[in-house]
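Asks: sequence and predicted structure below; questions after.
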Amino acid sequence: MHISQSFAIVLLMTAQAVGQNAQAPLRFEVADIQRSKAGSPIKADFLPGGRFDVRNVPLRWIIAAAYKTPASLVVGPGWLGSTNFDIVAKAVPTATRDQLFQMTQTLLAERFRMVMHKDTKVIPVWALVAAKKTTRLTPSQDSAKFECPAAAIEAGPKEPAGVIHRVCKGAAMSDLAGILPLMASSYLEGLPVVDLTGIEGKFDFPLDWMIRAAYDEAVANKGLASNDGFTLSIFDALERLGLRLENRKHPMDSVVVDSIERIPMEN
């Protein structure tokens, strides 16, 4: 069979285009980046509908979120922890949480000219493990995206201040491990949480506990019984689900920033 030179060139160009498309990095449709104003409220979240909303957050935290690693494992210039940005970005509404992470990585590379590599360190962590053979986790009935919002529960007359109610849906154990340091940072002392449960699937479950200061005060108050149903630490809340946090040492990926621009490219 004879293939003309021009046709062969077309085939080659098509193959190259397909390869490039397959490897094309995911990007936000639009992203606005501004230096934060001093004293403005802090906000950071990957939101439903393909939105990424960050206000007055150090760039180190943004890098950590993009690569799903603790901020303490982001190695780079000192100003990463003291230079704050507001970022409002939007992707297609169907974008998954993992795709938003990848888009944030692309944003860092293209707008901040960030060059990085990964290294591995063995560090202290909280290991999320199954405390019992049978957990109290309800399998999710649909393919809803993972969310763990504060529950709109009206506090009863006996409920003390500082009680937190959340309802997690569509949560894999890795999702729970990833969000625990954000929800219960005062308990976890800056250490990352690693999913070592061996539990597969996605689940729905409530999570109720007290903020650390309120919990410590309640425990110290002899007039408040620790079995009142409200005086729960994050550790107690997880035990109720058949899970447990244990101190261990575990290899973790660190993000090493080789170079990065302090002033991002214009919007």
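Replies: Structure's in. What do you need? Numbers count the residues shown, from 1 in each chain.

Asks: for the protein, which element, helix or strand, carries the lowest mean pLDDT?
Replies: helix 5-23 (a mean of 45; mean pLDDT, DSSP states H and E).

Asks: tell me the mean pLDDT over whatever helix or strand comes next after that helix?
Replies: Going down the chain from helix 5-23, the next helix or strand is strand 30-35, by DSSP states H and E. Model confidence over strand 30-35 averages 96 on the pLDDT scale.

Asks: sheet partners, orientation included, of strand 30-35?
Replies: Partner strands and pairing direction for strand 30-35 (DSSP bridges) are strand 84-90 (antiparallel).

Asks: could you give me the buried positions within the strand or helix carrying residue 216?
Replies: Element membership for residue 216, per DSSP H and E: helix 212-220. Taking 16 or more other C-beta atoms under 10 Å as the basis for neighbour counts, the residues of helix 212-220 that come out buried are 212, 214-215, 217-218. Glycine gets a C-beta too; all of them are placed from N, C-alpha and C.

Asks: mean confidence for that helix?
Replies: The average of the pLDDT scores along helix 212-220 is 88.

Asks: and that helix, what does it pack onto?
Replies: helix 185-188 (3 or more C-beta pairs under 8 Å, 6 or more residues apart in numbering; DSSP states H and E).

Asks: can you give me how far the helix it packs on is from the chain middle?
Replies: Averaging C-alpha positions (C-alpha atoms, centre = their mean, to the nearest Å) puts helix 185-188 15 Å from its chain's average.

Asks: quick one: contacts of it?
Replies: Contacts to helix 185-188, defined as C-beta atoms under 8 Å, 6 or more residues apart in numbering, come from residues 126, 180-181, 211-213, 233-235, 245.

Asks: at 7 Å what do you get?
Replies: The contact list for helix 185-188, computed with C-beta atoms under 7 Å, 6 or more residues apart in numbering, reads 126, 180-181, 211-212, 233-234.

Asks: any idea which helix or strand comes after it?
Replies: As the chain continues past helix 185-188, the following element, by DSSP H and E, is strand 193-195.

Asks: which of the residues in that following strand are buried?
Replies: By 16+ other C-beta under 10 Å, the buried positions in strand 193-195 come out as 193-195.

Asks: contacting residues for the nearest residue to residue 43 once chain neighbours are set aside?
Replies: Once flanking residues are discounted, residue 43 sits nearest to residue 55: 4.1 Å by C-beta to C-beta, 6 or more residues apart in numbering. With C-beta under 7 Å, 6+ apart as the criterion, the residues that contact residue 55 are 36, 40-43, 86.
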